[in-house]
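**Q** task: produce atomic coordinates for the following.
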Amino acid sequence: MFKSACDVVKKSVMLSALFLTIGALLEIAAQLLTLENMIPVFFAYAGVMAIFIGLVGILATLVAVLIPGINQRLQACQH
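**A** Have a look, this model is predicted:
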């Protein structure tokens, strides 16, 4: 499990960045595919959803960090 609030914040930011990266790669793949079937459309929708999930994750982390109780726990983090 997680050791502290610092680990939770680090892991949530990394997961959000991963979703944003996957979403960007899926969008690039959807633009480069020139197939006449539904595969580019699937990649485009999956990319948009991944980007949306990444943005929601990073915004949720930002809101959580602004909560005073969590902010006090994060003040004890050693960087």
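**Q** rest of the way, CA atoms for contacts and neighbours
**A** OK.
**Q** only alpha carbons, please: show stretch 63-72 as PDB.
**A** Output of stretch 63-72 as PDB, limited to C-alpha atoms (Å, rounded to 0.1, in the frame of the first residue of the first chain):
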ATOM      1  CA  VAL A  63      -8.200  19.900  -5.300                       C
ATOM      2  CA  ALA A  64      -7.100  17.300  -2.800                       C
ATOM      3  CA  VAL A  65      -3.800  19.100  -2.200                       C
ATOM      4  CA  LEU A  66      -5.700  22.300  -1.500                       C
ATOM      5  CA  ILE A  67      -7.600  20.700   1.400                       C
ATOM      6  CA  PRO A  68      -6.000  22.000   4.600                       C
ATOM      7  CA  GLY A  69      -5.600  18.600   6.300                       C
ATOM      8  CA  ILE A  70      -3.900  17.000   3.400                       C
ATOM      9  CA  ASN A  71      -1.800  20.100   2.800                       C
ATOM     10  CA  GLN A  72      -0.500  19.800   6.400                       C
END
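**Q** how far out from the middle of the chain is it?
**A** Taking C-alpha atoms, centre = their mean, to the nearest Å, one finds stretch 63-72 lying 19 Å from the centre of the chain it belongs to.
**Q** swap in stretch 10-24?
**A** The answer for stretch 10-24 is 3 Å, by C-alpha atoms, centre = their mean.
**Q** okay, that stretch in CSV with CA atoms only?
**A** Output in CSV follows, covering the C-alpha atoms of stretch 10-24 (Å, rounded to 0.1, in the frame of the first residue of the first chain):
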residue,chain,number,x,y,z
LYS,A,10,3.2,11.1,-6.6
LYS,A,11,1.4,8.0,-7.9
SER,A,12,-1.8,10.0,-8.9
VAL,A,13,0.3,12.5,-10.8
MET,A,14,2.2,9.8,-12.6
LEU,A,15,-1.0,7.9,-13.4
SER,A,16,-2.5,11.1,-14.8
ALA,A,17,0.6,11.8,-16.9
LEU,A,18,0.4,8.2,-18.2
PHE,A,19,-3.2,8.7,-19.3
LEU,A,20,-2.4,12.0,-21.0
THR,A,21,0.5,10.4,-22.8
ILE,A,22,-1.5,7.3,-23.9
GLY,A,23,-4.3,9.6,-25.0
ALA,A,24,-1.9,11.8,-27.1
